[in-house]
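Chemist: sequence and predicted structure below; questions after.
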Amino acid sequence: MAVPERRRPRHGSLARPVNGRLYRGTWLLVGLPLLVLAFSVARPAALQPPVNLASAFDQDAALGLAKQLTTEYPIRSAGTPAAAGAARWYAEQLATPYGFTVRREPFAVHVAGHGLVRGVNLLATTPSALSQRTIVVMAHRDDAGTGPGGNDNASGTAALLELARAYAPTSLAKRAHLPYTILFLSTDAAVEGGIGAAWFAAHAPEARSVIAVINLDAVAGRGRPRLELNGDTPRSATSGLVETVRAQVASQSGSDPTRASGLRQLIDLGFPYSRFEQAPFVSRGVPAVTITTGADRPSDGLGDGVGGIHAGRLGQVGRAAQNTLDALQQGVALTPGPSSYVFLGTRIVRGWAIELVLIACLIPFLAAAVDLFARCRRRRIRVSPALRAYRSRLGFWAWCGIVFALFSALHAWPGGAARPPSLDSVRWPAGALVGVGVLVFAGWLVSRDRIIPRRPVSAEEILAGHTAALLALGVVALLVVATNPFALIFVLPSLHIWLWLPQLREAPRWVQLLVLLAGFCGAVLLFWSFGGRYGLGWDAPWYVLWLFAVGYAPAQGAAVALGWLAGAAQLAAITTGRYAPYAAAHERRPRGPLRELVRQIVLVRRRHRASESVRRALDG
């Protein structure tokens, strides 16, 4: 008996609805943006310090200052008496022997997880220069309040003081006539998300004339110096400043300072986040860079005593900062460069070229999704019920967002200034989340009434459900392009993986589930970055939500994410066999979902009362 030949389903059939040829062919269009990206690679030029001017940075003096601050004021968390004492000590170091006038700028800010935090920034400037423009050198005085704070950040404060003395009005080592004013800024409340630096960038009169910022944070550790250059928005520090700092640190330490990898820089552009104090300046377009030997997650302060201050590293970073200042003081303006980029070694890839490539990667998906919709139209498959089903799911996820925002407004979890909350303050608010869960469940009961399966669903309706979800995801991707094109790195994997779900309708269920789960790898990448890089582990999802709650992460990003979740939910319902198109008029219950929900609650209460009456009669 002859075995019937098993033929592969033809293109365009219900078993193979996605046009693979069109999808593969449109990838050729990505070649041109890739070529543009290749030609956009550049090597930024570093400013050079004067060759005949030796560094005046005294390593031993800086080490003595760091030890003194660590020993006399070991607990310097913002708002404490020790922090006030440390502020007086800092002002005395500059005012008495060197003639600086130190100005105090107090501030009070509500910080998520810590309530009202009071701090004070201390500002000292060099005598009037030839230009009104200002270079800021800064370091924070405060620490976590759990240890002496030797490396983090008595070392940065000591280096700041020693640099200031080299430019003091009464210093014998004074650098002739300076083209630019130098502002030495000692900030407070940096541990609380860079509050002091953010306050200065937003309110200080000098902030409008700043042309460059060098931040010294935990500069005396034993690890290699590292540069931080990202901001609170999808921007990067001016490449000329970064290259100047890199060259000077390499010259003093004998090796290049480290930076985040290319992938992590791209993640930081897609979801901007930084706990270092250059971030508020970079977000405002001011060139700023942080030099540090610390980790991505700040030290908890335990054991960070005098023994943690490495004198050699302190001297290397101090001399590098001194040489960078001298290079900037040559009066040569920094090359503006691109507003965003990714550093690869000593070269940069311009951000606009990366955005162009990411946007071009949308074209194959959009072409295949639109072609799928056109095929449904040609086969007279109605997509409108599937779109209405997506609308119901979108309404449910919008309800989830509204409930979360409502609980945030009611202070169900700590709120405060739009700065990153402390990584040590991450606590899942179990009680509030239970309340959120109850309201979300009620919303699910209402929204599911019109989209639960009440009859067998045909293959055509399943294809329409896939098509509607993919079209919606395409719109979500275009909204991502309109808000932050770098965030496409979190969305593109789901688009290109889930595009093939209609092609797998007859595949085993486990294969479909595997493909569905693979589409979440972009979102997992974000949570993996927070969980591993900042040591949050399984607390990373809640911390990301907390960033939206305090307003640090933009609200439009949350709205776009809800639209993506609605599309993912529709594809998940199809994959698990729980999908149905939006119910037609003759398929609906006579009562609407809200009336039906009220009716069910009343019936449950009546049954409960009846059972109570029967029990009492039996007991009586």
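Modeler: Ah, there it is. Numbers count the residues shown, from 1 in each chain.
Chemist: other residues contacting stretch 242-262?
Modeler: With Cβ atoms under 8 Å, 6 or more residues apart in numbering as the test, stretch 242-262 has contacts from 44-47, 49, 214, 224-230, 265, 268, 289, 291, 313, 315-317, 319-321, 323-324, 327-328, 342-344, 346, 349. (Each C-beta comes from the backbone N, C-alpha and C, glycine too.)
Chemist: sorry, that was for stretch 474-484
Modeler: Counting by Cβ under 8 Å, 6+ apart, 234, 269-270, 359, 362, 365-366, 369-370, 487-488, 491-492, 495, 554, 556-557, 560, 563-564, 567 sit against stretch 474-484.
Chemist: surely W27 is within a helix?
Modeler: Yes: under DSSP: H, G, I helix; E, B strand; the rest coil, W27 falls within a helix.
Chemist: which parts of the stretch 301-450 of the chain are helices?
Modeler: For the stretch 301-450 of the chain, helices defined by DSSP state H, counting those that start in this stretch occupy the ranges 311-328, 351-360, 362-378, 384-409, 430-447.
Chemist: can I get those helices in JSON lines with mean pLDDT and distance to V36?
Modeler: Listed next are the helices of the stretch 301-450 of the chain as JSON lines, based on pLDDT from 0 to 100; distance: least, Cβ to Cβ, whole Å:
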{"stretch": "helix 311-328", "mean pLDDT": "92", "distance to V36": "32"}
{"stretch": "helix 351-360", "mean pLDDT": "95", "distance to V36": "6"}
{"stretch": "helix 362-378", "mean pLDDT": "95", "distance to V36": "15"}
{"stretch": "helix 384-409", "mean pLDDT": "94", "distance to V36": "35"}
{"stretch": "helix 430-447", "mean pLDDT": "90", "distance to V36": "45"}
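Chemist: L216 and S186, how far apart?
Modeler: 10 Å (Cβ to Cβ, to the nearest Å).
Chemist: where does the closest residue to I75 other than its chain neighbours fall, phi/psi-wise?
Modeler: Of all residues not flanking I75 in the chain, A82 sits nearest, at 4.8 Å (Cβ to Cβ, 6 or more residues apart in numbering). Main-chain dihedrals, A82, degrees, to the nearest 10: phi -60, psi -40.
Chemist: verify the contact between A82 and R76 for me.
Modeler: Yes: using Cβ atoms under 8 Å, A82 makes contact with R76 at a distance of 5.4 Å.
Chemist: compare the two (neighbour count), which wins?
Modeler: More neighbours surround R76 than the other of A82 and R76, with 29 against 17 (other Cβ atoms under 10 Å).
Chemist: return the residues in contact with that one.
Modeler: R76 neighbours (Cβ under 8 Å, 6+ apart): A82, A83, A86, R141, D142, D143, G145, G149.
Chemist: could you redo the last one with a cut-off of 7 Å?
Modeler: Shown in contact with R76 (Cβ atoms under 7 Å, 6 or more residues apart in numbering): A82, A83, A86, R141, D142, D143, G149.
Chemist: and the gap between the third one and R393?
Modeler: Distance from A86 to R393, counting by Cβ to Cβ: 54 Å.
Chemist: any weak-confidence spans in the protein?
Modeler: 1-8, 12, 52-54, 128-130, 170-177, 331-338, 585-597, 599, 618-620 (pLDDT under 70).
Chemist: how does it look with 50?
Modeler: 1, 172-173 (pLDDT under 50).
Chemist: state which strand of it is the longest.
Modeler: If you go by DSSP state E, the chain has its longest strand at strand 115-125.
Chemist: list the buried ones in it?
Modeler: V117, G119, V120, N121, L122, L123, A124, T125 (16 or more other Cβ atoms under 10 Å).
Chemist: excluding sequence neighbours, find me the nearest residue to the second one.
Modeler: Same thing as G119. Going by Cβ to Cβ, 6+ apart, G119 has D188 as its nearest residue, at 3.2 Å.
Chemist: ok, the one you found touching A78?
Modeler: Yes: at 5.0 Å, D188 counts as touching A78 under the criterion of Cβ atoms under 7 Å.
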